[in-house]
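In: this is the structure alone, sequence omitted:
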């Protein structure tokens, strides 16, 4: 029985070819994942909210340049509501107001409110994670008790 033995050069070449392909594939996967933004810190901080009821945030952001949180509110109350109090002013259809404005969210769109210098947002840099508590006082236009929506919003500062 005759046994063939590979030469040292051929064995080394096969070893490098096999592991070279593995290294090339790993590098390629790494570049693809990096291009998809998986390794970006701001992308790793998902937006989230908790603690709201009938009037809740649709979108929000921490503006690192002003240390303020901007929240877009939507209503699920099913009727016109009056915004009674905010701590930074709101904008509705390019009109700025502070309190006592009647709006019907289901017919006219959303309400954007600015909250200045909130804990969790002030002093952040772009991409940093923030978490702030925001509130909105409102009541139904048809009458009834006043409500205060309060909860947490978080995400990456812009």
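Out: It's in. Because the structure is a prediction, the values reported are computed rather than measured.
In: for this protein, name the helix or strand with the lowest mean pLDDT.
Out: Least confident helix or strand of the chain, by mean pLDDT, DSSP states H and E, is helix 105-108 with a mean of 57.
In: would you mind measuring from the spatially most central residue of the chain to residue 132?
Out: By CA atoms, centre = their mean, the chain has its centre lying nearest to residue 47, at 2.8 Å. Separation of residue 47 from residue 132 (CB to CB, to the nearest Å): 12 Å. Every C-beta, even on glycine, is put in place using the N, C-alpha and C of the backbone.
In: residues of stretch 70-80 that come out buried?
Out: Neighbour-count burial for stretch 70-80, counted by 16 or more other CB atoms under 10 Å, picks out 70-71, 73-75, 77, 80.
In: if we can go back for a sec, quick check: neighbours shared by residue 47 and residue 132?
Out: 153-154 (CB atoms under 8 Å, 6 or more residues apart in numbering).
In: that older thread, in JSON lines: the buried residues of stretch 70-80, plus secondary structure, distance to residue 12 and pLDDT.
Out: Below are the buried residues of stretch 70-80 laid out as JSON lines (DSSP: H, G, I helix; E, B strand; the rest coil; distance: CB to CB, whole Å; pLDDT from 0 to 100):
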{"residue": "70", "secondary structure": "strand", "distance to residue 12": "62", "pLDDT": "87"}
{"residue": "71", "secondary structure": "strand", "distance to residue 12": "64", "pLDDT": "88"}
{"residue": "73", "secondary structure": "strand", "distance to residue 12": "68", "pLDDT": "86"}
{"residue": "74", "secondary structure": "strand", "distance to residue 12": "66", "pLDDT": "83"}
{"residue": "75", "secondary structure": "strand", "distance to residue 12": "72", "pLDDT": "81"}
{"residue": "77", "secondary structure": "coil", "distance to residue 12": "75", "pLDDT": "76"}
{"residue": "80", "secondary structure": "coil", "distance to residue 12": "80", "pLDDT": "79"}
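In: tell me the one of the residues you listed nearest residue 121?
Out: Comparing the buried residues of stretch 70-80 against residue 121 with CB to CB picks out residue 70 as the nearest, at 9.9 Å.
In: for that closest one, give the beta-bridge partners.
Out: residue 61, residue 114 (DSSP bridges).
In: measure it to residue 153 for me?
Out: 10 Å.
In: common neighbours of those two, please.
Out: residue 60.
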